[in-house]
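J.: Need coordinates for the following:
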Amino acid sequence: MSLKETAALLAESRKIVNQSKEDDSYVLLNMILQVVTTMDNRMQKIEKGVNKIDELKNIITSIVARIGDLEKTVHDIKLKNSEMESNIEGISNVFDEVNNINKEYKAKIQNLSSKFNQLENSTKSEIGKLRVENEKVQKLESNILDLQCRSMKNNLIFSGLAYNKDENCQAKLRNFIYEELQIEHHIEFGNVHRFGKIGMNRAKPIVARFLYRQDLECVLRKAFRLKGKPFSINEQFPAEVETRRKKLYPIMKQARQEGNQVSLVRDKLYINGEQFTFTEHSNIDDQHRGQPNGGFRDVMMTPANANGRPYKRQRFGSSPSSESTHL
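T.: Modelled structure (predicted):
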């Protein structure tokens, strides 16, 4: 029953009381009981509502407390967020600084790279020029060496001839050629003199320039007559060619012992018509590297050692024996 209905019921009850008769008392009492019952029910509902309001109040109080905690948490978060923003701003500043430095270094690196490329190109150009100059120098050295060889083409070195004070080298050499080589025809010399260091026989070798090539070849052909004697005849070469020839002597000797056709032209060795190279015959080179070259003994020109044997004559010139080489 609503409040409006209750008010209407009370108004009707007053009206009945005012007009009541004894017969209507029962009806009136029932109506009053009905009103009281209704009010009691409403009071119970109100009490229940009040209880619910208390519960809601407790819930709201709890919510408010939680909201307070949340507000504190939010406040702390805001503080931390502010700190983070400050830190981020600092990091951003550092990053900007690093970025600027990076740009600066990048520009420097690009500049250095450009300079390096220029230097590399310049170096390549200079290397090319040096290579050309080196080729020119090598060509000049080769030409000079060739000229030296040509200038010594008609020279022979005679070793083992005893030295005498106030000697006439040319006359001594003519006498040697006549007596030892048995060459009777007159040989024309351009120049004859001693040179080099004094040997164990205290005699420097004699170098002679022949005016005619055929006379030099004749002397070389007769050089076999010196075998077993304390003399030797060698062609003269520049020191560089001489060094190369000395390395080829053992190879030439072995190849000749094996029955091959051997020819030593300046510093080039030909075996059966093919030029010898150490890379192709490294085993032969290794076997003979460091072995002494063969030569004549100075039996007559040098003193004997304690065993009564003559010392080995110190070699001058280039040929391992007197029979081998050609210009």
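J.: which residues of the stretch 101-250 of the chain fall in strands?
T.: In the stretch 101-250 of the chain, strands defined by DSSP state E, counting those that start in this stretch lie at 155-159, 189-194, 206-210, 232-235, listed in chain order.
J.: what's the longest one packed up against?
T.: For strand 189-194, the helices and strands in contact under the criterion 3 or more Cβ pairs under 8 Å, 6 or more residues apart in numbering; DSSP states H and E are helix 169-180, strand 206-210. All C-beta atoms are positioned from the backbone trio N, CA, C, and that covers glycine.
J.: which neighbours does that strand have in its sheet, and in what orientation?
T.: Strand partners for strand 189-194, identified by DSSP bridges, are recorded as strand 206-210 (antiparallel).
J.: Check the burial of Gln254 by counting its neighbours.
T.: For Gln254, the number of neighbouring residues by other Cβ atoms under 10 Å comes to 16.
J.: Need the pLDDT of it.
T.: Reported pLDDT at Gln254 in the predicted model: 93.
J.: What separation do you get for the residue nearest the centre of the chain and Lys108?
T.: To find the centre residue of the chain, average its C-alpha atoms and take the closest one (Cα atoms, centre = their mean): that gives Glu120, at 16.8 Å. Taken as Cβ to Cβ, to the nearest Å, the spacing of Glu120 relative to Lys108 amounts to 18 Å.
J.: for Glu240, same thing?
T.: In terms of Cβ to Cβ, Glu240 sits 51 Å off from Lys108.
J.: Same drill for those two, tell me which one is more crowded.
T.: Of the pair Glu240 and Lys108, Glu240 is the one with more neighbours under other Cβ under 10 Å, namely 14 against 10.
J.: my guess is the more buried one contacts Leu145, does it?
T.: Yes. Contact between Glu240 and Leu145 holds when scored by Cβ atoms under 8 Å: they sit 6.3 Å apart.
J.: what sits against Asp166?
T.: Not one residue lies near Asp166 by Cβ atoms under 8 Å, 6 or more residues apart in numbering.
J.: Got phi/psi on it?
T.: Its backbone dihedrals place Asp166 at phi 60, psi 30, with angles given as degrees, to the nearest 10.
J.: Read off the pLDDT value for it.
T.: Model confidence at Asp166, expressed as pLDDT, equals 90.
J.: As a check, name the ranges of all helices in the chain.
T.: Listed in chain order, the helices of the chain (DSSP state H) span residues 3-18, 25-151, 169-180, 213-221, 239-257, 282-288.
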